[in-house]
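*Asks:* Provide a 3D model corresponding to the input given below.
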Amino acid sequence: MLYNLIAIHDTTHGGFFNLFHYLTFRSGGACLTAFVISLVFGRPFIAQLKRIQREGQPIRTLGPERHILEKAGTPTMGGMLILIALFASTLLWADLTNGFVWAVMFVTAAFGAVGFADDYLKLSKRNTAGFSKRARLGSEFAASLIAGYWMESLMPPELRNMVAFPFVKDFLLPLGFAFPLFAMLTMTGFGNAVNFTDGLDGLAIVPVVIAALVFALIAYLVGNRVFADYLQLHLVPGTGELAVFCAALIGAGLGFLWFNATPADVFMGDTGSLSLGGALGAVAVAVKHELVLCIVGGLFVVETLSVVIQVFWYKRTKRRVFLMAPLHHHFEKKGWQEPKIVIRFWIVSILLGLAGLATLKLR
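*Replies:* The predicted structure follows:
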């Protein structure tokens, strides 16, 4: 909004307001703004959630025993705080004429709405069932399919319906009419992958922030012709503006971590985990780095695979591969303390983020 107002009314070609034409300045402003919003409104927001929810988020009785004792009474739906900070900051600092920004915000909001409905049903029914799986996935598929067609229409003709591969600069896989389906699976898959990972205090939000940091840089590079040519990346005009969105996500995530660090004052709930995963998937589709997201977000992939493997193997043999899935619960069952699991998973996420950045130069 600030960018658009200044573009309309600024008749000068220098001075302070010229800074608003720089993505780096607006990205920094978006990150700081989202962080401040989270900190300022976080405490009263959590207090309001406690008044409304009273008994807090229902805890799975099948989960680790200590969760029932230690986490009972903690309010959920903290993802709303992230979304408020994220959207307010993006709307303030981004170029609102950019279609990619609106497409990514649409996915984020739609997945957040699905997560909100899921959290609300869990709270109102006082169980962990929530939204039916069919309705939940159907809603996510519909929203991400719309976004897939939307972003496809915004891409240059030479990249439309194409999938790029890391490490291979000249190869593009044409998917034709199936590209929106691929985009749909990417967004929905990562929405649910972050949801699986969100099981310990602070566990999911830091890997999300790391992935957002990596994709803020990727968006900046692939949206800039000079950098894209130098690094031999596929230029996607307009996606540079997503650096502002990713920066706002970083600020909102760090602000939420202030209250979500062990012992958590609030959980993000499905409202947060689904929307954040969907947002990362949408950004990856827009910048043509869907497969790089599988590297950067490798922790989310592994957590999801642990669930798939556990369910598949148990149905076939009635035996478990892991003591409990997702994977972080397996280590809890082995006796690891929560902070140790969380910090070690963060370290893995940092290394995966660096691996994702390495693909930019190795192409």
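
*Asks:* Tell me which residues of the top helix by length along the chain come out buried.
*Replies:* Using DSSP state H, we find that the single longest helix of the chain is helix 23-53. Neighbour counts over helix 23-53 (16 or more other Cβ atoms under 10 Å) mark 23, 26-31, 33-35, 37-39, 41-42, 45-46, 49-50, 53 as buried. (Each C-beta comes from the backbone N, C-alpha and C, glycine too.)

*Asks:* Packing partners of that helix?
*Replies:* Applying 3 or more Cβ pairs under 8 Å, 6 or more residues apart in numbering; DSSP states H and E, one finds that helix 23-53 contacts helix 79-93, helix 205-222, helix 242-260.

*Asks:* Could you tell me the angle between the first one and helix 205-222?
*Replies:* For helix 79-93 against helix 205-222, the angle by axes from the mean of the first three to the mean of the last three Cα atoms, to 10 degrees is 20 degrees.

*Asks:* Now do whichever helix or strand comes after helix 79-93, average pLDDT.
*Replies:* Counting by DSSP states H and E, the next helix or strand C-terminal to helix 79-93 is helix 99-125. In this model, helix 99-125 has a mean pLDDT of 93.

*Asks:* For helix 99-125, which helices and strands make contact with it?
*Replies:* helix 79-93, helix 133-154, helix 179-197, helix 242-260, helix 269-286.

*Asks:* Please identify the most buried of those helices.
*Replies:* Across the helices and strands packed on helix 99-125, averaging neighbours per residue (mean count of other Cβ atoms under 10 Å) puts helix 269-286 on top, at a mean of 31.

*Asks:* ok, and for the helix or strand following that helix, which residues are buried?
*Replies:* Later in the chain than helix 269-286, the nearest helix or strand by DSSP H and E is helix 290-296. Using 16+ other Cβ under 10 Å as the test for burial, helix 290-296 gives 290-296.

*Asks:* Of these, which is the nearest to Thr359?
*Replies:* Nearest to Thr359 among the buried residues of helix 290-296 is Val292, at 5.5 Å by Cβ to Cβ.

*Asks:* hmm, back to that, present the helices and strands packed on helix 23-53 as JSON lines; the columns should include mean pLDDT and distance to Asp229.
*Replies:* Listed next are the helices and strands packed on helix 23-53 as JSON lines, based on pLDDT from 0 to 100; distance: least, Cβ to Cβ, whole Å:
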{"stretch": "helix 79-93", "mean pLDDT": "97", "distance to Asp229": "27"}
{"stretch": "helix 205-222", "mean pLDDT": "97", "distance to Asp229": "10"}
{"stretch": "helix 242-260", "mean pLDDT": "97", "distance to Asp229": "18"}
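
*Asks:* got TSV for the ones you listed, with distance to Phe322 too?
*Replies:* Listed next are those as TSV, based on distance: least, Cβ to Cβ, whole Å:
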stretch	distance to Phe322
helix 79-93	27
helix 205-222	20
helix 242-260	25
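
*Asks:* Quick one, which of the ones you listed gets closest to Arg136.
*Replies:* Between Arg136 and these, the shortest gap by Cβ to Cβ is with helix 79-93, which sits at 15.1 Å.

*Asks:* Next, the angle helix 23-53 makes with that closest one.
*Replies:* Inter-element angle recorded for helix 79-93 and helix 23-53: 150 degrees (by the same axes, to 10 degrees).

*Asks:* Let me know the angle separating helix 79-93 from helix 99-125.
*Replies:* 160 degrees.

*Asks:* Give the other helices and strands that helix 79-93 contacts.
*Replies:* Secondary-structure packing of helix 79-93 (3+ Cβ pairs under 8 Å, 6+ apart): helix 2-9, helix 23-53, helix 99-125, helix 242-260, helix 269-286.

*Asks:* and it, C-alpha only, in CSV?
*Replies:* What follows is helix 79-93, C-alpha atoms only, in CSV (Å, rounded to 0.1, in the frame of the first residue of the first chain):
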residue,chain,number,x,y,z
GLY,A,79,-2.1,-19.0,14.1
MET,A,80,-4.5,-16.1,13.9
LEU,A,81,-1.9,-13.9,15.5
ILE,A,82,0.6,-14.9,12.8
LEU,A,83,-2.0,-14.3,10.0
ILE,A,84,-3.0,-10.9,11.4
ALA,A,85,0.7,-9.8,11.5
LEU,A,86,1.5,-11.4,8.1
PHE,A,87,-1.5,-9.9,6.2
ALA,A,88,-1.3,-6.4,7.8
SER,A,89,2.4,-6.1,7.1
THR,A,90,2.1,-7.5,3.5
LEU,A,91,-0.7,-5.1,2.7
LEU,A,92,1.2,-2.2,4.1
TRP,A,93,4.6,-2.8,2.3
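
*Asks:* Go ahead and measure how far it is from the middle of the chain.
*Replies:* 13 Å (Cα atoms, centre = their mean, to the nearest Å).

*Asks:* Report the angle between that helix and helix 242-260.
*Replies:* Using the same axes, to 10 degrees: helix 79-93 against helix 242-260 is 150 degrees.

*Asks:* follow-up on the earlier one: dump the helices and strands packed on helix 99-125 into JSON lines; add distance to His330 as well.
*Replies:* What follows is the helices and strands packed on helix 99-125, written out as JSON lines (distance: least, Cβ to Cβ, whole Å):
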{"stretch": "helix 79-93", "distance to His330": "25"}
{"stretch": "helix 133-154", "distance to His330": "23"}
{"stretch": "helix 179-197", "distance to His330": "13"}
{"stretch": "helix 242-260", "distance to His330": "22"}
{"stretch": "helix 269-286", "distance to His330": "19"}
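
*Asks:* Right, I'll leave it there.
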